[in-house]
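Participant: 3D model of this:
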Amino acid sequence: MKPYTSENLRNVAIIAHGGAGKTSLAEAMLFNGGSTSRLGSVDSGTSVLDSEPEEIKRRITLTSAIHHFDWKGRHVNVIDTPGYANFIVDTKSCMRVAGGAVVIVSAISGVKVQTEAVWKYADEFDIPRVIFISKLDRERADFERAVSEIESSFKCHPLVLQMPIGKEDDFVGVVDLVGMKALRYSNDQSGKFTVEEIPDHLKEAAEEAREAMIERVVEADDDLMEKYLGGEDISVEEITQAAHEGTLTGKFVPVVCGSAMKNIGIQPLMDLICDCLPSPLERPAQLAEVLADNEGKELVPDPEAPFAALVFKTISDPFTGQLSVFRVYSGTLTSDSTCLNSTKDRKERIGQLLKLEGNKQVPIEKCVPGDIIAVAKLKETTTWDTLCSEKEPILLKGLSLPAPVISFSLRPKSKGDEEKLGSALQRLMAEDPTIHIDRNEQTKELVVSGMGQVHIEVTVDRIKRKFGVDVELDAPKVPYKETIRGTVSVQGRHKKQSGGRGQFGDVWLKIEPLPKGGGFEFVNNIVGGVVPRQYVPAVEKGVLEAMAAGVLAGYPVVDVKVTLYDGSYHTVDSSEMAFKIAGSLAFKKGVVDARPVLLEPIMAMEITVPNDYMGDIIGDLNSRRGKVNGVEPMAGGNQLIKASVPMAEVLKYAPDLRSMTGGRGMFTMEFSHYEEVPSHLTAKIVEAAKREREES
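Facilitator: Residues are numbered from 1 along each chain as shown. I've put the predicted structure just below:
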């Protein structure tokens with residue numbers, strides 16, 4: 001690998017909606033840059049970036065992949081990101097460390113919802129962008145419509161640098177509006193082209209387009225604007241420099257076009273990446289916290305500065321083990337050295353530094369500021385940890401991950417695989433921090449949560465492939481509870497004689513409701529020793545055991561106060577066990593007469609939707625027995641709906657919301673409180689619980 005400096009480095013994320021052709025474009029750039037010997041294809045399963053079996057099976061990118069190529073004296077790290085909503089968090093993680101982005105807009109479908117989402121991520125991280133209009137060789141491709149959608153959807157100023165030559169099957173090349181020449185490509189995916197005169201039928205349109213391009217590009221440079229207004233010619237070098245400045249400042253976004261599948265227009269895009277997207281030296285300084293004094297510090301991409309890097313991805317590699325992928329912000333790191341994990345306050349031994357090449361790695365001796373590097377088998381390090389010099393501990397800010405949106409209960413098909421499943425899930429959580437695992441103590445279920453149904457299904461596939469554990473998925477059980485609305489006094493008497501010493505326990509309990517959230521309260525009001533002091537804890541224990549399974553549907557009983565106020569005992573036959581049984585019997589009998597009711601968990605939801613969908617979403621929430629607590633306007637023509645909805649009604653809300661809003665809606669959800677189940681639904685829940693007990 002050729003040596004390179006930070007000045008010549010480019011970190012570029014390829015972003016768009018799923019199916020836009022991100023991986024195909026990355027494969028074409030790697031091929032043209034000489035990093036691969038053949039043009040990889042997603043459809044044929046020969047991609048070096050989409051190499052996971054689950055990706056090959058579905059023909060979509062499920063996890064980001066990193067490779068590199070050299071072009072025009074620049075070393076470019078390419079990050080191929082997922083585009084589907086279930087995996088979009090991985091894309092955001094990569095954009096946290098990228099220096100620039102190539103945004104793909106399909107000439108067929110235009111700007112889609114997820115492209116809008118990743119564009120907003122680029123805004124959030126202030127990432128300079130260039131746009132590639134793809135699939136111009138396909139039926140119904142429309143270059144002008146795509147440019148129009150770019151301007152209206154992204155609210156940006158497109159700087160159109162190219163025009164297509166031909167349409168659909170007749171698409172053969174591009175007109176370079178900067179140099180005013182035509183690039184005509186051979187029809188063999190080789191990427192070879194000839195430089196020709198612009199076809200006569202395109203000359204007039206090309207001249208008009210170039211004039212519009214010049215008018216926009218000079219806005220980035222006052223001197224150039226003055227020169228243009230004075231009627232002087234603007235050179236190619238001046239246009240390129242102004243395009244660079246305007247891209248970095250966000251005055252406009254350069255637009256080029258082509259076809260990744262036919263390998264048309266890829267080299268000009270690679271030129272544009274090198275000419276217009278920033279090196280690490282041109283990006284704003286990264287702010288870090290100095291742990292010694294809690295002061296802020298700007299990290300300068302200087303190879304002589306103290307080392308500092310942020311781990312943004314973890315990969316489980318079958319050969320090298322766990323790979324920690326990090327972006328270097330300052331200093332230099334070499335193989336066979338040590339550094340500090342300041343997040344965990346642990347020293348880490350750095351073995352061989354690795355440069356990622358899709359699903360493979362190549363060893364390197366050192367890395368420069370701005371580079372993206374991996375290292376294997378760090379003992380303590382996980383995603384979003386900071387690695388730094390031991391002499392100057394600092395902390396870099398990671399990324400706040402969104403809450404999961406869908407959950408399933410998970411169980412191994414083979415009873416002997418419980419331990420293997422636990423280990424598998426821990427490994428997968430290290431690789432994908434958007435997976436959450438929780439064991440519900442009430443329902444005794446292992447619950448896996450993620451960003452969507454496909455996300456969970458892919459996780460299940462990986463568990464089987466990587467760890468040999470077959471699992472089953474079900475909708476999680478709703479953790480209902482029971483309580484009472486009335487007050488009763490009840491006797492619990494346990495008497496048993498079976499030859500020899502018998503059993504005797506006799507108690508009187510007052511059972512009454514507590515306010516919502518009151519839990520459980522036990523009061524000892526025994527006077528005169530009618531129940532000996534040593535047996536009182538046994539009575540409470542018996543009540544607690546009875547509370548674990550209520551009388552309606554066997555759900556735990558909550559929010560009750562139990563007062564022990566009377567009873568009797570036998571000097572020989574009484575025991576702790578007898579009084580525990582007596583307490584349990586009394587509670588079960590008393591709850592039946594205390595107007596028992598069923599409680600269900602209520603979720604607090606915040607749903608962000610475009611204005612056009614607000615009425616439909618509120619209507620749907622009402623149909624789910626939800627209560628809308630408020631609506632707040634947001635930026636970008638969206639509304640934030642706050643609502644309280646029963647958990648049973650939103651177990652699979654994620655795909656429903658996506659369907660209702662065309663993928664434009666987002667939501668968060670967390671447990672809020674318990675409320676009484678409406679009487680007309682209680683009977684159904686009780687009957688279902690009864691059937692389940694009988695089947696088990």
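
Participant: the residue nearest to residue 412 when sequence neighbours are not counted: how many residues sit nearby?
Facilitator: Closest residue to residue 412 apart from its sequence neighbours, by CB to CB, 6 or more residues apart in numbering: residue 421 at 4.9 Å. For glycine as for every other residue, the C-beta is placed from the backbone atoms N, C-alpha and C. Residues lying near residue 421 (other CB atoms under 10 Å) number 20.

Participant: quick one, what contacts residue 421?
Facilitator: 410, 412, 446, 463, 467, 469, 471 (CB atoms under 8 Å, 6 or more residues apart in numbering).

Participant: and for the last one, the neighbour number?
Facilitator: Yep, that's residue 471 we're talking about. For residue 471, using other CB under 10 Å, the count is 22.

Participant: again, but for the first one
Facilitator: Residue 410: 21 surrounding residues under other CB under 10 Å.

Participant: for the most centrally placed residue in the chain, give me the pLDDT.
Facilitator: Taking CA atoms, centre = their mean, the centroid of the chain lies closest to residue 89, which sits 2.9 Å from it. What the model reports as pLDDT for residue 89 is 90.

Participant: cool, the one 4 residues further on as well?
Facilitator: At residue 93 the predicted local distance difference test score is 94.

Participant: hang on, it is in a strand, isn't it?
Facilitator: No - using DSSP: H, G, I helix; E, B strand; the rest coil, the assignment for residue 93 is helix, not a strand.

Participant: what stretches of the stretch 101-250 of the chain score poorly on pLDDT?
Facilitator: Scanning the stretch 101-250 of the chain for pLDDT under 70 picks out no residues.

Participant: related to what we said a few turns ago, am I right that the residue nearest to the centre of the chain is in contact with residue 434?
Facilitator: Yes - with contact defined as CB atoms under 8 Å, residue 89 reaches residue 434; the gap is 5.0 Å.

Participant: okay, and the common contacts of those two?
Facilitator: The contact lists of residue 89 and residue 434 share 401-402, 451, where a contact means CB under 8 Å, 6+ apart.

Participant: using the three-state scheme, assign the closest residue to residue 454 other than its chain neighbours.
Facilitator: Nearest residue to residue 454, sequence neighbours excluded (CB to CB, 6+ apart): residue 86, at 4.6 Å. Assigned with three-state DSSP, residue 86 falls in the helix class.

Participant: report the separation between residue 86 and residue 237.
Facilitator: 45 Å (CB to CB, to the nearest Å).

Participant: one more: residue 161?
Facilitator: Distance from residue 161 to residue 237, by CB to CB: 15 Å.

Participant: between these two, tell me which one has more neighbours.
Facilitator: Between residue 161 and residue 237, residue 161 has the larger neighbour count (other CB under 10 Å), namely 29 against 9.

Participant: in the stretch 101-250 of the chain, which spans are helices?
Facilitator: 113-124, 143-154, 200-217, 222-229, 236-249 (DSSP state H, counting those that start in this stretch).

Participant: which stretch among the ones you listed comes nearest residue 654?
Facilitator: helix 113-124 (14.4 Å; CB to CB).

Participant: show me what the closest one is in contact with.
Facilitator: 15-18, 20, 81, 83-85, 88, 91-92, 95, 101, 103-105, 129, 153-154, 636, 662-664.

Participant: and that helix, how far from the chain's centre?
Facilitator: 14 Å (CA atoms, centre = their mean, to the nearest Å).

Participant: tabulate the CA atom coordinates of that helix in PDB.
Facilitator: Taking Å, rounded to 0.1, in the frame of the first residue of the first chain, the C-alpha atoms of helix 113-124 are listed here in PDB:
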ATOM      1  CA  VAL A 113     -37.900   8.800   2.400                       C
ATOM      2  CA  GLN A 114     -34.700   7.100   3.700                       C
ATOM      3  CA  THR A 115     -32.700   9.400   1.500                       C
ATOM      4  CA  GLU A 116     -34.300  12.300   3.200                       C
ATOM      5  CA  ALA A 117     -33.500  10.700   6.500                       C
ATOM      6  CA  VAL A 118     -29.700  10.300   5.800                       C
ATOM      7  CA  TRP A 119     -29.600  13.800   4.300                       C
ATOM      8  CA  LYS A 120     -30.700  15.100   7.600                       C
ATOM      9  CA  TYR A 121     -28.000  13.000   9.300                       C
ATOM     10  CA  ALA A 122     -25.500  14.700   7.000                       C
ATOM     11  CA  ASP A 123     -26.900  18.100   8.100                       C
ATOM     12  CA  GLU A 124     -26.600  17.100  11.700                       C
END
